[in-house]
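Q: Quick check, what structure comes out for this input:
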Amino acid sequence: MSSGGFASQNGAGGSYANGPSQSPVGVFPSNQGFMAPPQPGFMNNLPSKGPPPAIYSQQPQPAGNHPSMHRSTPPHANSVNHAPPALNVMAPPQTFGPPLPPPAAVRGTPPPAHSDGVYPAHPGHMHRPLASSYPSLQPAYQSVSGAQTPPPAQTQPQLYPQMPPPAQTQPQTQLYPQMPPPAQTQLYSQTQPQPQMQLYPQPSAAAAQLSHSLASLSLQSQPPEALRVVNLLQERSLLPPGCVPPPVPCLPHDLQKLNCSPEVFRCTLTSIPQTQSLLNKAKLPLGLLLHPFKDLSQLPVVTSSNIVRCRSCRTYINPFVTFMDARRWKCNLCHRVNDVPEEFMYNPVSRSYGAPHKRPEVQNATIEFIAPSEYMLRPPQPAVYLFLLDVSHNALETGYLDVVCQTLLDNLDSLPGDTRTKIGFITFDSTIHFYNLQEGLSQPQMLVVSDIDDVFLPTPDSLLVNLSECRELVQDLLASLPQMFSKTMETQSALGPALQAAFKLLSPTGGRMSVFQTQLPTIGIGALKPREEPSQKANAKDVQHLSPATDFYKKLALDCSGHHVAVDLFLLSAQYSDLSSLGCISRYSAGSVYFYPSYHKQHNPPQTERLLKDLKRYLTRKIGFEAVMRIRCTKGLSIHTFHGNFFVRSTDLLSLANVNPDAGFAVQMSIEENLLDQQAVSFQAALLYTSSKGERRIRVHTLCLPVVNSLSDIFAGTDVQAITALLASMAVDRCVTASLSDARDALINAAIDSLASYRSSVLTVPQPGLLAPACLRLLPLYILALLKHKAFRTSGGRLDERVFAMCQLKQQPLVFLLMMVHPGLYRVDQLTDEGALNINDRTIPQPRALQLSVEKLSRDAAFLMDCGTVMYLWVGRNCSPEFLTEVLGVDSYAAVPLDMIQLPELDTAQSSRLRVFVDWLRERRPFHTVLHVIRDESPLKAEFMQNMIEDLSESALSYYEFLLHLQQQISK
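A: Got it, this is the predicted structure:
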């Protein structure tokens with residue numbers, strides 16, 4: 001097989017420190033041009049595996065042996081303004097005000113005057129110091145004594161339980177019990193005790209427990225469940241009945257219960273190797289998956305004039321720091337010892353004094369701060385929304401304008417914001433139309449700019465107006481827009497000039513630009529030509545034109561990012577629209593891409609339903625403006641590649657003009673210094689944003705993981721779903737910077753190398769077959785699912801649909817990405833209440849997940865396939881008459897409509913159970929899922945069958961054949 005590992009690609013993009021690149025840049029590269037010099041990463045130029053079947057390899061590459069990756073040194077700043085934003089989030093259930101000073105307390109020293117908050121103006125100041133003068137201690141409440149690392153200890157098998165995640169992923173409001181520190185063994189008082197102060201316990205026993213649990217974990221003769229040997233060629237029923245639970249890190253219980261929820265922060269390895277060489281030997285990727293702005297049911301919020309952070313690396317105090325005593329704490333990232341501010345001694349929850357380790361900041365791995373003025377370089381911006389609407393003849397034919405305008409009218413009152421909220425509209429065809437909505441006008445005034453080569457704003461002060469003051473004019477405009485252009489015969493599209501005009505309008509304040517486009521831009525700057533070749537639809541072994549045709553959209557996106565403007569693209573098109581070029585406007589401005597192929601209001605009702613529901617969510621969900629996110633990690637670890645929609649401002653700082661609760665990110669990590677003296681490492685993501693109410697907020701997530709020194713422990717802590725998601729992002733980059741065939745080879749080699757490493761280095765007794773540890777048993781299945789995914793399959797298809805699939809893999813949070821990669825299949829004609837969930841007085845059936853194979857289907861039954869954005873209810877030809885009558889409301893199989901997209905509300909138990917189950921599945925995701933009821937004669941049956949991943953298809957192996965291929969390569 002060709003050497004298809006995931007190495008960094010040079011030339012993916014230019015540096016924008018001194019202006020934009022002169023060469024086009026791929027829509028999907030991980031901002032390689034902006035990355036710091038990378039460290040040796042995962043699977044760089046993987047060793048050759050010999051030639052695979054022709055289906056997998058088209059262009060062999062020279063074999064190599066893990067050379068270091070090379071990338072350009074990043075600029076520390078673009079034209080991006082370093083103003084740290086403040087943030088918006090949903091109203092918290094509990095807010096802690098400024099602490100009340102105790103009677104004898106002395107006011108704490110205010111923050112240094114030069115501090116500009118979480119992200120200093122000079123990125124160089126953020127570099128983690130060595131802090132070599134401080135010994136490394138395990139992150140528990142402990143004293144300086146006993147800091148030496150104990151000798152390797154044998155680990156109990158139960159340290160790696162494959163337990164389901166906690167039912168409550170976020171702290172409840174009662175989350176702040178007055179818990180004593182772990183294992184109190186001796187007490188000491190401060191040098192100058194105060195009458196109001198409690199004696200601070202020294203939890204040395206906890207330190208001993210942590211050392212015993214974390215130091216050099218090695219397995220006993222009875223391996224944990226995660227390392228149970230599975231012969232994949234013999235065991236077919238590998239799927240759990242429900243969701244695949246994330247692995248639980250091997251940490252002491254008192255630390256693990258404080259750890260960050262896996263729904264927000266996950267690592268591909270829940271046991272971190274001590275050295276990069278050990279990681280290379282395991283052949284597993286090391287990376288993080290983040291969902292930082294996720295909607296949370298419970299979010300502790302703290303108001304404080306002094307946010308406690310490490311004076312050296314600026315890490316926020318968190319549950320995994322070490323309290324040396326009641327007056328000093330040791331950073332769990334750079335190991336510097338810091339003083340505890342006086343006001344931090346007061347606990348606002350218990351209204352007690354002298355127990356800083358019980359503060360909410362030290363009891364919650366996810367917490368939000370309302371930032372003081374030190375975190376503001378300019379007044380917080382208002383919520384600003386600008387809508388850019390295509391009104392060409394093609395656009396009006398689709399009927400989308402009626403849906404968008406009506407949805408906006410219905411949700412004007414629900415737009416996030418306050419009394420300062422501003423709104424504006426621009427329409428375009430071959431010219432650009434502005435709308436004067438100034439207060440006092442009797443009706444909206446259209447202003448047309450026909451010179452698209454030199455766009456200007458006709459009345460800059462009245463195009464963005466205060467929504468509350470000009471609501472009636474806005475409503476009048478939305479009501480009249482669809483009819484205003486109903487007779488147009490203009491077919492041209494000047495999208496580029498319209499975007500330039502919108503940028504000029506938004507750049508003074510920042511905000512969100514929502515662009516609705518229905519065709520290829522044809523005139524003015526940014527005009528594009530059709531690049532899709534008809535032959536590609538039939539044979540796509542090496543797809544062309546995945547890179548943008550022009551760098552105009554990327555340059556404009558970077559200008560937008562520098563002025564806190566994010567661009568969200570809604571593409572509604574039946575024809576090729578070059579999404580690989582247009583997508584750059586969202587990719588680099590931290591926006592989102594929505595794609596509705598073959599959209600038509602009358603002819604395609606499912607897409608109309610999807611647009612309506614998606615748009616309502618888009619308009620009403622919470623939003624953060626002028627945001628930045630910094631990811632810090634324990635000294636010795638480093639970040640070398642980001643995945644998602646953003647601009648990389650410096651080595652660990654992402655510029656997010658807007659941040660939304662539906663956006664996910666991935667980060668590739670490497671180990672640049674040995675972690676020999678560490679028992680655990682920590683990762684911290686800090687998101688600074690401006691809320692729609694004009695508040696500066698900082699949301700902080702901290703994850704703690706143990707460090708291990710054996711391959712068996714590394715494999716025992718693998719998170720197969722996180723690995724799959726990270727590999728998917730890496731493969732998208734490879735498609736753009738190299739080729740589709742290279743990306744496919746690299747995915748296959750990822751499975752081969754990890755299983756070969758397990759076989760050669762972990763298994764002690766040679767056994768026949770294709771062997772995997774239980775924790776990685778689903779990796780080959782997920783890799784095959786990626787190979788058959790629309791982004792990577794070789795069976796052709798429309799180019800824009802392939803590019804959108806790649807966009808989804810890069811921007812979706814882990815849980816939603818897995819739905820799209822490996823759909824769920826359930827039998828639903830015999831739903832019962834056995835094992836059902838009871839939520840809010842609803843009984844939700846829980847049918848078992850089935851293998852994605854035709855052999856699991858039966859003509860006597862009905863099956864629901866959940867693919868994330870679409871569901872298929874397949875009805876067998878001999879399905880029971882009771883199901884047809886009581887669920888579908890038809891008398892016979894032949895009477896099932898071919899275009900049925902709704903389940904009728906029938907007053908039967910079977911109907912109720914199925915509708916409740918479908919609704920429950922839909923509620924768990926932020927996008928709308930269209931349901932198609934299909935039978936053998938339905939046009940969509942081919943798409944349904946294409947998702948049967950385990951079966952043989954025209955262009956890909958069956959699951960069993962794929963396993964045989966992996967075994968053959970591993971045995972070489």
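
Q: is the nearest residue to residue 594 once chain neighbours are set aside in a bridge, and if so with what?
A: Nearest residue to residue 594, sequence neighbours excluded (Cβ to Cβ, 6 or more residues apart in numbering): residue 570, at 4.7 Å. Every residue, glycine included, has its C-beta placed from N, CA and C. For residue 570, the beta-bridge partners are residue 516, residue 594 (DSSP bridges).

Q: ok, residue 570 - how many residues close by?
A: For residue 570, the number of neighbouring residues by other Cβ atoms under 10 Å comes to 24.

Q: repeat for residue 765
A: Residue 765: 5 neighbours (other Cβ under 10 Å).

Q: What of residue 919?
A: Residues contacting residue 919 under the criterion other Cβ under 10 Å number 13.

Q: Find the helix or strand that it is a member of.
A: Assigned by DSSP states H and E, residue 919 belongs to helix 909-923.

Q: List the contacts of the residue nearest to residue 594.
A: 514-517, 594, 596, 611, 615 (Cβ atoms under 8 Å, 6 or more residues apart in numbering).

Q: hmm, back to that, can you spell out which helices and strands pack onto the helix holding residue 919?
A: strand 842-844, strand 862-866 (3 or more Cβ pairs under 8 Å, 6 or more residues apart in numbering; DSSP states H and E).

Q: Could you break this structure into its assigned domains?
A: According to the TED database, the chain comprises the domains 226-246+719-822+954-971, 253-376+625-718, 384-621, 823-947.

Q: Mean pLDDT added to these, as JSON lines?
A: Shown next, in JSON lines, are those (pLDDT from 0 to 100):
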{"stretch": "domain 226-246+719-822+954-971", "mean pLDDT": "93"}
{"stretch": "domain 253-376+625-718", "mean pLDDT": "93"}
{"stretch": "domain 384-621", "mean pLDDT": "93"}
{"stretch": "domain 823-947", "mean pLDDT": "93"}
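
Q: related to what we said a few turns ago, could you please name the strands whichever helix or strand comes after the helix holding residue 919 pairs with and the direction of each pair?
A: Downstream of helix 909-923, the next assigned helix or strand under DSSP H and E is strand 930-934. Strand 930-934 sits in its sheet next to strand 870-875 (parallel), going by DSSP bridges.

Q: Give me the angle between the partner strand and strand 862-866.
A: 170 degrees (axes from the mean of the first three to the mean of the last three Cα atoms, to 10 degrees).

Q: if we can go back for a sec, can you give me the offset of the helix holding residue 919 from its chain's centre?
A: Centroid separation for helix 909-923 versus its chain: 27 Å, with Cα atoms, centre = their mean, to the nearest Å.

Q: Which residues in it does the neighbour count mark as buried?
A: Neighbour-count burial for helix 909-923 flags 910-918, 921-922 (criterion: 16 or more other Cβ atoms under 10 Å).

Q: and which of these is nearest residue 952?
A: residue 921 (28.5 Å; Cβ to Cβ).

Q: Please name the nearest non-neighbouring residue to the closest one.
A: Looking at residue 921 with Cβ to Cβ, 6+ apart, the closest residue is residue 866, at 5.6 Å.

Q: If that neighbour is in a bridge, with which residues?
A: Applying DSSP bridges, one finds that residue 866 bridges with residue 824, residue 871.

Q: Next one: it from residue 668, what distance?
A: 29 Å (Cβ to Cβ, to the nearest Å).

Q: between those two, which one's more packed in?
A: residue 668 (27 against 23).

Q: could you pull out the helices for the stretch 301-450 of the chain?
A: 360-363, 393-398, 400-411 (DSSP state H, counting those that start in this stretch).

Q: Okay, buried residues for the second one please.
A: By neighbour count with 16+ other Cβ under 10 Å, helix 393-398 contains the buried residues 393-396, 398.

Q: Please apply the same query to the last one.
A: For helix 400-411, a neighbour-count test (16+ other Cβ under 10 Å) marks 400-405, 407-408 as buried.

Q: helices and strands around it, which ones?
A: So helix 400-411, by 3+ Cβ pairs under 8 Å, 6+ apart, packs with strand 384-390, helix 471-484, helix 605-620.

Q: so which of these comes closest to residue 953?
A: helix 605-620 (24.4 Å).

Q: so how far is the closest one from its chain's centroid?
A: The answer for helix 605-620 is 21 Å, by Cα atoms, centre = their mean.

Q: What lies in contact with that helix?
A: 399-400, 403-404, 407-408, 410-411, 414-416, 514, 568, 570, 572, 594, 596-601, 869, 899, 901, 926-928, 930, 932.

Q: Next, the angle strand 930-934 makes with the helix holding residue 919.
A: 140 degrees.

Q: circling back: could you dump the helices and strands packed on helix 909-923 into a markdown table with distance to residue 825 added?
A: As requested, those are exported to a markdown table (distance: least, Cβ to Cβ, whole Å):
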| stretch | distance to residue 825 |
| --- | --- |
| strand 842-844 | 18 |
| strand 862-866 | 5 |
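
Q: Give me whichever of these is most buried.
A: Comparing those by mean neighbour count (mean count of other Cβ atoms under 10 Å), strand 862-866 comes out on top with a mean of 23.

Q: what sits against the residue most central in space within the chain?
A: Nearest residue to the geometric centre of the chain (Cα atoms, centre = their mean): residue 664, 1.3 Å. Counting by Cβ under 8 Å, 6+ apart, residue 664 touches 289-291, 644, 811-814, 816-817.

Q: can we see that at 10 Å?
A: For residue 664, the contact set (Cβ atoms under 10 Å, 6 or more residues apart in numbering) comprises 289-294, 643-645, 725, 729, 809-817.

Q: how far away is the residue lying closest to it once chain neighbours are set aside from residue 714?
A: Spatial nearest neighbour of residue 664, excluding adjacent residues (Cβ to Cβ, 6+ apart): residue 813 at 3.4 Å. Using Cβ to Cβ, residue 813 is found at 25 Å from residue 714.

Q: With residue 306 instead?
A: For residue 306, the distance to residue 714 - Cβ to Cβ - is 40 Å.

Q: what does residue 236 give?
A: The value you get for residue 236 to residue 714, if Cβ to Cβ is used, is 27 Å.

Q: Mind checking which of the two has more residues around it?
A: residue 714 (27 against 13).

Q: wait, that one sits on residue 776?
A: No. Distance between residue 714 and residue 776: 11.1 Å, which falls outside the contact criterion (Cβ atoms under 10 Å).

Q: Overlap in contacts, these two.
A: Contacts common to residue 714 and residue 776, judged by Cβ under 10 Å, 6+ apart, are 284, 758.

Q: most packed of the domains of the chain?
A: Scoring the domains of the chain by mean neighbour count under mean count of other Cβ under 10 Å gives domain 253-376+625-718 as the most buried, with a mean of 23.
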